[in-house]
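**Q** Using only what follows, build the 3D model:
(chains A and B)
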Amino acid sequence: MSLSNNNMDNGSFSSSCRDANFPAGLRVLVVDDDPTWLRILEKMLKKCSYEVTTCCLATEALKKLRKRKDAYDIVISDVNMPDMDGFKLLEQIGLEMDLPLIMMSVDGETSRVMKGVQHGACDYLLKPIRMKELRNIWQHVLRKRIHEAREFESDVSFDHLMRNGSDQSDDGNMFALEDMTSMKKRKDIDNKHDDIEFGDSSSTKKARVVWSVDLHQKFVKAVNQIGFDKVGPKKILDLMNVPWLTRENVASHLQKYRLYLSRLQKDNNQKSTSGTKHSDLPPKDPASFGFHNSLTKQQNDVESDGFSYSDGTLQLQNMDATSHEGDLKGIVLEPATEKGRVLNSNIPDPKITKSSQIDHNHHFGPLKPEGNHAIFDCTIPSQYSWNEVPKRLLKEEQKPLVKFEDSFSQLEIHGGTQHHIHVDQSQSMASINSNPPITEKEVVACSETKPLYADYKSDYAICACSIGPAVDTFPTQSKSLMVNDQSSEPIFTSNLDFKTPELNLSRISDLDFYQRNLLLGGEVTAYEPLEEELHLILLQSEYYNMNFGMQNIEMPEYYDPGLMAELPTRLCDSADYSVVDQSLFIA
Amino acid sequence: MDRNQSRRQVAAMKQALFDQGLLDEQYIQLEELQDAANPNFAEEIVTLYYRDSSRLIANIDQALKERNGLDFNKMDNIMHQFKGSSSSIGAKKVKAECTVFRECCRARNAEGCMRSFQQLKKEYAALRKKLESYFQLARQIGPSERACCPK
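**A** A predicted model of the protein is given here:
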C-alpha cells in the first residue's frame, strides 16, 4: 500500500505539487478581445493568487505560447475573437503545446459547447464568469498532469505499436487475449488465431479494440489522407472502412495518436533519449507467446506470432528502468541479495485485470549483442477475496539462465501444480514478466516470455512460471529464474505499474505456511522454433488445485511435463546460472 | 449626520438599480473585487465597458444603415460581442435587449432589429447615466463604505 502511494507521490503528482502552495502561482494566459472582460478576469485570477498574462488577440496569444511553451499552465480563451476563432486557437494549442484550455462565451448553446469540448477544451465557462469558477481551474492542470503520468504506460504500448507499425513484417499480428472467464472463447482462439481478435467482440460487453499493427496502419493512412489538421474520428472511420470499429474507438485512438505525436515532438526537442530506446525492437520474426492466463484456463497457443494482448487489461507502462530503479528495489523480493537484478512490476488496478489479463510485452532495450538477457514474463493471476486478479509484471534481465534441473525434477515430484515455463534464450534479450500473486491466498500464475528480437542467433529462452499462491514460491522462483542480472542499469524499458496496493513482497515470508499445502505439477515443453539457433523451451507448469484451507483455486488443466528432458541440458549449456533455488515451486 | 445620509442615499441608489432590473449580481461581483489595489474597480470596469462598447454600438448603427440589405450575420456577430461585454458589468436590461436583437437577426426581421436597437440604446444610455451619478455620490463617501454594503 505504502509503496503504491509513494510512487504516486514521487511520480505523477510530484510535478504538480512540487511547490507546496500549488494552486497559487498557477500561470494563466487569458485571451479575450473584450477589454472589459480581460480586465475583470485578470483581477479575479490575481485574487486567486494566480499569475496572469492577458492578451486581447488570439494570434498574440499563440505567439506568446510559441515563444515559451512552458511558461503557462493553462489557457482561458474567449470563443469569439476577431482575428481567430477560439476553436482554432484551441486546436492549435492542443496540437502544439498540449495545454489545458478553458473556453468561455456568453453563448451557452449546446452545439457550441459541444464543439468546444470536441476540440479539446477541458471546460466551457459561460459569461458572466464567477470567481469561484476561476478559483477551481487548477484542477484541470492537476488532472492533466495525472493523466500524463498515466498516459505514460499506455504510451509505451502505443510507442511500440507505432514503431512496430512502420517496419513490421506481415506475419506479425497482434492478437488479443480475450476474457479469461469464458472458456468457449478460448477454444475459438485455439482454433484460429485470426478469429481471436475481434470475433467475439459482439458477445463481449465492452470489447476493447485492439489496435493491431494492421489496423493502426489503416488508421495512419486515413489520417494522412485526410490531413492532420482536418482529421476527425468520423472521417477516419469512414476511410478505414472497418465495420466493427466504432467512432469512439477511433476517437480515442486518435487522441492517443495526437498525444503520441506531441510527445514525439517533445522528445525530439529534448534530444530524445527514449527514441533510441526502442529502435532495436522491431522483430523481423516476432515469435512471441501469448498466454491466456486465467484461473480456470490456460491458453495453449503460445507459439503464435505477435504480441498477445488481452482486452481491457492491457496496461503497459513504459518507464526508464533507471529512473525507477529506486522504486523497483523496494519491490523486488530480495532486492539486495540478488545482485543486479532488476525487477519491474506491473500491477494494474485489480478492477481492470479482473477478468482478463493482457500480456503485452515490449522490451526493447538497446541490445547488447554479446550478452544473453532473459526476460521472463510471468503472469500470475491470483484470486483475491474480491475475485479480482492483480497482475504483477516482473521483468528481469538476466544474462545467465537458471538451471532448471533441480527445479524441474522437483516439479515432477509435485504433481499438483502446473507451471508454465517458457524458456527462451536469445542472444539479445529475454524478458520476463511475472505477475505474481500478491495475496496470501491462492495464486495461479502464468508466465509469458516473448522473444522480441528478430535475430535469434543464440538460444532463446522463455520462462513462464506460474506461481502458486504461496508467495513463498515466488521468491524461490525468482531466484532461480533470475539469477545473474548483470545489467543493474536496466537497459530495457521496464513497466512499472504500482496501482496495486500490495507490492509488499515481504509478506511472502508469511506465506510459508502455505507452502506445505501446495501441490505442484509442472510441464515442460521444449521445441525448436523457426531458426536453428533459436531454441525455445517451453515450460509450463501450473498450480493445480490449491487448497490452503482458505480458498480454492480451480485449475482445470494440468499439463504433463512434456519435453522436460531437453530443457535442462539446454539450459545448462548456456547458463552460468549461478543459483537455482532448489525449492523452486516446491512446497 | 450628513455623511450617514449620503451613505443611505448611495445604498438606495444602488438598490434601485437592482430593483429596476438594470443590474444583476455580476455587478456585485465587481464590487467584491474591489480591494486596496483597486478601490474603484467597479467604476473602472464600467468606464472601460462604456468606452469599448460605444464602438460596437456605432458598428451596429452603421450596419443598420446599410442600404443594400442588412447583413444580419454581421450584426448578430457584433451584438454577440456587445452582449458578452454587457454581461461583464451585469447590465441586465441591456443584455436582455441584446437577446431580442439577435433573435430578430436570426429571423431576418429588419424592423424588429431597428426597434430593438433603439430600445437597447435607450437602456444603454439610461444605465450609464444612473451609474455615473451613483459613482459620483459613492466617491464622496469613500470607497470603503461602498464595498461593504451591497444590497
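**Q** Show me the shaky parts of the chain.
**A** You didn't say which chain, so I picked chain A. A:1-20, A:152-209, A:267-587 (pLDDT under 70).
**Q** Let me rephrase: I mean chain B.
**A** Short version for chain B, where the test is pLDDT under 70: B:1, B:142-151.
**Q** Spatially, what comes nearest to the spatially most central residue of it if we skip its sequence neighbours?
**A** Centroid check for chain B by CA atoms, centre = their mean gives B:A91 as the closest residue, at 3.8 Å. Spatial nearest neighbour of B:A91, chain neighbours left out: B:L127 (5.6 Å); criterion: CB to CB, 6 or more residues apart in numbering or on different chains. Backbone N, C-alpha and C define where each C-beta goes, glycine included.
**Q** Can you name the residues bridging to the residue nearest to the centre of chain B?
**A** Assessed by DSSP bridges, B:A91 has beta-bridge partners B:L23.
**Q** so what's it up against?
**A** B:A91 is in contact with B:22-23, B:49, B:123-124, B:127, counting by CB atoms under 8 Å, 6 or more residues apart in numbering or on different chains.
**Q** Write out the residues of chain B neighbouring chain A.
**A** Counting by CB under 8 Å from any CB of the partner chain, the residues of chain B close to chain A are B:26, B:29-30, B:32-33, B:35, B:38, B:41, B:44-45, B:48-49, B:52-53, B:77, B:80-81, B:83-85, B:87-90.
**Q** from the contacts of B:A91, which single one is nearest chain A?
**A** B:Y49 (4.6 Å; CB to the nearest CB).
**Q** I'd guessed that closest one sits against B:S86; true?
**A** Yes: counting by CB atoms under 8 Å, B:Y49 does reach B:S86; the two are 7.5 Å apart.
**Q** if I look at the closest residue in space to A:S77 that isn't next to it in sequence, how far off is A:M104?
**A** Distance criterion CB to CB, 6+ apart; nearest residue to A:S77, sequence neighbours excluded, is A:V31 at 4.2 Å. Distance, A:V31 to A:M104, by CB to CB, to the nearest Å: 10 Å.
**Q** circling back to that earlier point, neighbours of the residue nearest to A:S77, just the number please.
**A** Per other CB atoms under 10 Å in any protein chain shown, the neighbour tally for A:V31 reads 29.
**Q** about what we covered before: shared neighbours of A:V31 and A:M104, which are they?
**A** A:76-78.
**Q** Nearest to A:F22 among the residues you listed?
**A** Among those, A:I76 lies closest to A:F22 (CB to CB), at 18.3 Å.
**Q** Show me what the closest one is bridged to.
**A** On the basis of DSSP bridges, A:I76 is bridged to A:V30, A:I102.
**Q** what does chain A have sitting close to chain B?
**A** Listed as neighbours of chain B in chain A under the rule CB under 8 Å from any CB: A:33-37, A:39-40, A:43-44, A:47, A:78, A:80, A:105-107, A:127-128, A:130-131.
**Q** which of B:Y49 and B:S86 has more neighbours?
**A** More crowded of B:Y49 and B:S86, by other CB under 10 Å: B:S86, with 30 against 25.
**Q** I'd say that one and B:V46 touch.
**A** No: judged on CB under 8 Å, B:S86 makes no contact with B:V46 at a distance of 11.0 Å.
**Q** thinking again about what came up before, just the buried members of the shared contacts of A:V31 and A:M104?
**A** A:76-78 (16 or more other CB atoms under 10 Å in any protein chain shown).
**Q** Show me which of those is closest to B:Q62.
**A** B:Q62 has its nearest neighbour among those in A:D78, at 23.2 Å by CB to CB.
**Q** Show me which helix runs longest in chain B.
**A** For chain B, the helix that runs over the most residues, judged by DSSP state H, is helix B:110-141.
**Q** which helices and strands sit right next to it?
**A** Contacts defined by 3 or more CB pairs under 8 Å, 6 or more residues apart in numbering or on different chains; DSSP states H and E place helix B:110-141 against helix B:2-19, helix B:41-64, helix B:92-106.
**Q** among these, which is nearest A:R66?
**A** That would be helix B:41-64 among the helices and strands packed on helix B:110-141, by CB to CB, at 27.8 Å.
**Q** Which positions in that closest one come out as buried?
**A** Residues of helix B:41-64 classed as buried under the neighbour-count rule (16+ other CB under 10 Å) are B:41-50, B:52-53, B:56-57, B:59-60, B:63.
**Q** do stretch A:252-266 as well
**A** Quick answer for stretch A:252-266 (16+ other CB under 10 Å): A:253-254, A:256-260, A:263.
**Q** Then stretch B:31-42?
**A** Buried residues in stretch B:31-42 (16+ other CB under 10 Å): B:31, B:33-34, B:38-39, B:41-42.
**Q** Show me which of the residues you listed is closest to chain A.
**A** Closest to chain A, out of all of those and judged by CB to the nearest CB, is B:L33, at 5.2 Å.
**Q** Let me see the contact set for B:D52.
**A** Residues near B:D52 by CB under 8 Å, 6+ apart: A:34-36, B:85.
**Q** same question, A:L254
**A** Neighbours of A:L254 in contact, by CB under 8 Å, 6+ apart: A:219, A:223, A:231, A:233, A:236.
**Q** ok so it is a strand residue?
**A** No: counting by DSSP: H, G, I helix; E, B strand; the rest coil, A:L254 is located in no strand; its state is helix.
**Q** The stretch of helix or strand B:S87 belongs to - contacts with which helices or strands?
**A** Element membership for B:S87, per DSSP states H and E: helix B:72-89. Where contact means 3+ CB pairs under 8 Å, 6+ apart, helix B:72-89 is packed against helix A:35-47, helix B:25-32, helix B:41-64, helix B:92-106.
**Q** so what does the shortest one touch, helix or strand wise?
**A** Just to be clear, that refers to helix B:25-32. By 3+ CB pairs under 8 Å, 6+ apart, helix B:25-32 packs against helix B:41-64, helix B:72-89, helix B:143-147.
**Q** so how many other residues sit close to residue 135?
**A** Picked chain A for this. For A:R135, using other CB under 10 Å, the count is 16.
**Q** I was thinking of chain B, sorry if that wasn't clear
**A** Quick note: B:F135 (other CB under 10 Å) scores 19 neighbours.
**Q** Contact partners for it?
**A** B:40, B:42-43, B:46.
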